[in-house]
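1. Turn this into a structure:
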Amino acid sequence: MTDLSNPDPALAAHLLNRLQRVTQDLAAVRRTGEVFDIVLRDALDALAAIDGTVLLVQGKHLNVAARLGQAQSSVWQDRDLDGPGPAADALRQDTPLFFESAGALVAAYPALETRTGGVAAVASAVLPMVMDGHPLGVIVLDFREPHTFTLEEQHFLQTLASQCALALDRARLSGDLEQQVHDRTAELEAFVRFTETADGETGVLVLAERAVAVLSTLFPGCTTAYHALEDGLWRIKVHTSDLEKQPTLLASLQAGVPMDIPVFAQPMRTGQPIFVDDWNPEQQHFPYTEVYQSAAIAPLPIGGVTQAMFVLGVKDTPHWTEHRRAVFQAVGRSLTLALERTEVARQLEVQNAELLARTQALEGFAALTRDLGLTTDADVLIERAMSLVLSLLPPGYAVFWQVSEGQWRIRAQLGELGNPALQVAVDAGLPVGQTPTLDQPHQTREPLFQDRYDLTRDIAPELVTHLFTVATLPVLVGGAVTGIFNVSLFGPRPWSVADQAVLKSTVFSLGLALERAEQARQLTAQRDLLQASNEELEAFTYSVSHDLRTPVRHITSFGELLRRALPEPLDPKAERYFGIVTQAATTLATLIDGMLDVSRASRQPLKLERVDLNRIFGAARQQMDVTHPGREIVWEIAVLPEIYGDVELLRRVVTALLDNAVKYTRDRRPAVIAVWAEDQGERWAVRVRDNGVGFNPEYVGKLFTMFQRLHRQEDFGGAAVSLANARRIVTRHGGTMMAEGQPDEGATFSFVLPKAAL
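-> From the prediction side, this is the model:
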C-alpha cells in the first residue's frame, strides 16, 4: 500500500508533465469529441486504468458521452440526475469519489450492478466536472486491480477534470459560435441566392417562405404565417401547410385581418414583437383560433415603416419561455434584415440600371452633340437618336411623327415595321385626335409607356398583332412639342426604369440638339445676311465716297474761280458767304476721307506679325508734336509690350487715340497724356488717359459710332470717324475698345487685344 503522507517526487514530476501536455492539447481543440479523446487517453495511460467513461448532464439526466477501454459491460450507463448513484452524488457534492478495492463500489451502492446490468470494476475514480457552479458531468476511470490513489494522482485527476470542464465549456462556446456563424452563413447564402433569382414582390415572398420553413423546424407543430399590409388589411401571403386543415380560419386570414385587432395594432405602433400567453380568441378579437394556446407577432419594418407581420401560433404550450422568445425574435430580426437588404439591393439595382442607361444615352449623345457643330440637318439628328435607342433595346423600330394638315405623318423612320400593310397605313397618315398613342403625349407633354400595347387603341388590330411594347415621347423644342418619338418592340418587355431613363434622356437630348441646330441655322443665315449687308454697305460707301469727291472739288474750284471773277474788294457779306462755302467743302472732303479710311480698314486683309507698341506710340507722339507746334504737352508713356497684329492698322488706332487726346486737351496748361499697358493674363489692355474736357459717361456709346459727336463742331473739329474706325480695327483683331470719363475731368480710352495671334 502506498503511504499517502510521503509524496513521491518522481511520480509528481511525471504527472505534472502529463498534465502540462494535456493542458496544451486541450487548448488546441474546439470539439467535445476531441476533448474526451485527449482526457480519457491520457488519464488511462497515466494511471494504467483499463476503462474510461464521460457522462454529461443533459437536462435532468446523466448520459454517456464517450467511452475508452476494454470493458464489455459497464455499470456506467445513462441515468436520472436526481436518483442515487456515484456519478450523481459526486456532482451534487462537487467532490471526487475514489473506490480503491474490490467490492468497495458495490458496497457503497448495492443496487448499482442490478440496475445497470453491468459489472463493477475492482477500483474506480469518479471525478465531477463543475463550471461556475453549474454541473457539467463526470469522468470515471476503472481499474482491473486494486488501486490506491496517491495525493499526486488525486491532484492530477482533479486538475484533469477541471481542465476537461474548461475545455468542454470552451468547446461549447466554440460550437455555439460556429453554429451561429453557420446559421448566419446559411441565411446569407439564402439571401444571396434570393437576390440572384428573385425580383420585386416575388423575392419578398421567397424570403418569407424560407423564414416560415425555419420556424417550422424550430417550433414543430406550430402554425407560422407571413402577413402583408394591403388596402388597410393584413392579408396572409405565406403559411405552413397545417392551416389547410383549418379552412375557415385560412379563408378569414386570406380575406384580411383588420388593422385595429390588438395583436396587430400593438406591434405596428411600437415596432416591437409581442408574446401572448394563454391565448383567448374572444379577448383578442381573433375568431377561429381556439386551437392555439399562445402566439407571437413580430413587425417587419422596411425603411422604418412596418409593411408586414410574422405570426407564430403555438398549439401545445400556453407560455413563452425566454429561450423560445429569443429564438422567435432572432428569426424575426433575420427576416427583417433580409427584407431590408433585399429592398436596398433592389433600389441599388434600379439606380445602377438607371445610371448605366443614362451613361449609355449620354455617351451616345456625346457623338450627337459633336455632330451639332457639323450639321444643322434635323433629319440627321433624329436618325442618330433613333439609332442610339434601337442599339440599346431588343428588336423593334423607331418613328418620328409630326402633325401635318390634321394628320400624324412620318418625318423619319428607322427599321422595318414588320408588316407591309402596316407600313402602307402609316405612310398614308393617322388622324390627329383619333390616335391616342400619339395624341396623349402631344397633349400632356408627358411620355406614354405601354408595357402591353392595346391592339384596339390606334389602328386596325390585325395590322399590329406583332407589336407588344410601345413608347411614345414628346420632343420639345423651344418649349413647344415639335414631334413624337415612337419606339415599338416586337417582343414582350415591360418598360423598366432603366429603359424609361434611356428614352427620356435621349428624347430630352434630341430636343436640345434640334433646338441648337435650329439656332445654329438661324445664326448662320443671319451671319450670311449680315456679311452680305456689310459687303454691300462697304461697296456703297466706297463708291459714294469716290463719287462725291468730284462734286466737292467742283464746288471748291468753281467757288474760287467765281470769287476771282468778281471785282475787288468784295463786300463783307459776300466774303462771308464765300468762306462758308469753302469751309463746308473742306468739311465734306474730310468726311469723305474718313469714310474711305473706314472702308479701306474694313476691306484690307490682316497681315499679322509681332508689333512693338513702343515704336508705334513713339512715332505717333512725334507726329502730334509736329502737327501741333507750340502746344505744352507732358507725355507719360510707360514701357509697352509687343503684340500680334497688323502694324499699319494698329498705327491708325494709336494715331486716333493720341490725336483725340491732344484735341480735347487744347485748353489745358499743360496737357498731360499718359500711356501704359496692363497684363490681363491672355490679353493686353493698352490705355491712353488725358486731362482734357472729358465727356458725359451717359453717352459713351456714341463715341465709337461714325459721325456721332459729344461736343459741338465749332468747339472741336474733325470728321468724327477716327474712333469708330479704330474700334472696327480692334474688333477685327479679336479685341475690344472702351472709354471712361467725366465732364471736365479728362478721359481714358483703352483697347484690349489677345497676346497670341488669331
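2. what's the next secondary structure element after the helix or strand hosting Phe328?
-> When elements are assigned from DSSP states H and E, Phe328 belongs to helix 322-372. Toward the C-terminal end, the helix or strand that comes next after helix 322-372 (DSSP H and E) is helix 378-391.
3. tell me which strands and helices that next one is in contact with?
-> Under the contact criterion of 3 or more C-beta pairs under 8 Å, 6 or more residues apart in numbering; DSSP states H and E, helix 378-391 touches helix 322-372, strand 396-404, strand 407-414, strand 480-489, helix 497-565. (C-beta placed from N, C-alpha, C; glycine too.)
4. From the chain's centroid, how far away is the second one?
-> Spelled out, it's strand 396-404. Its chain's average C-alpha position is 33 Å from that of strand 396-404, according to C-alpha atoms, centre = their mean, to the nearest Å.
5. quick one: contacts of that strand?
-> Around strand 396-404, the neighbours that count as contacts under C-beta atoms under 8 Å, 6 or more residues apart in numbering are 382, 386, 389-390, 408-418, 426, 429, 432, 438, 442, 469, 475, 482-490.
6. at 6 Å what do you get?
-> Contacts of strand 396-404 from elsewhere in the structure, counted by C-beta atoms under 6 Å, 6 or more residues apart in numbering, are 382, 386, 389-390, 408, 410-415, 417, 432, 438, 483-490.
7. Show me which positions of it end up buried.
-> Residues of strand 396-404 classed as buried by neighbour count (16 or more other C-beta atoms under 10 Å): Gly396, Tyr397, Ala398, Val399, Phe400, Trp401, Val403.
8. just the angle between that strand and strand 480-489, please?
-> Regarding strand 396-404 and strand 480-489, their directions subtend 150 degrees when assessed with axes from the mean of the first three to the mean of the last three C-alpha atoms, to 10 degrees.
9. quick one: strands adjacent to strand 396-404?
-> Based on DSSP bridges, the pairing partners of strand 396-404 within the sheet are strand 407-414 (antiparallel), strand 480-489 (antiparallel).
10. Bridge partners for Val675, pull those for me.
-> The residues listed as beta-bridge partners of Val675 by DSSP bridges are Ile637, Val688.
11. shift numbering so it begins at 55
-> Yes, from this point I'll number from 55; that puts the last item at Val729.
12. Confirm that Leu530 lies within a helix, as I assumed.
-> No: going by DSSP: H, G, I helix; E, B strand; the rest coil, the assignment for Leu530 is strand, not a helix.
13. Run a quick neighbour tally on it.
-> Neighbour count for Leu530, taken as other C-beta atoms under 10 Å: 18.
14. For Ala619, see how far away it is.
-> Leu530 sits 79 Å away from Ala619 when distances are taken as C-beta to C-beta, to the nearest Å.
15. Make TSV out of the buried residues of strand 450-458 and add distance to Leu80 and pLDDT.
-> Conversion of the buried residues of strand 450-458 to TSV gives the following (distance: C-beta to C-beta, whole Å; pLDDT from 0 to 100):
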residue	distance to Leu80	pLDDT
Gly450	71	91
Tyr451	76	92
Ala452	75	93
Val453	80	94
Phe454	81	95
Trp455	83	93
Val457	89	93
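16. And the pLDDT for the residue nearest to Gln461 when sequence neighbours are not counted?
-> Excluding the flanking residues, the one nearest Gln461 by C-beta to C-beta, 6 or more residues apart in numbering is Gly483, at 3.5 Å. What the model reports as pLDDT for Gly483 is 91.
17. How about the one 10 residues further on?
-> Here the pLDDT value assigned to Asp493 is 92.
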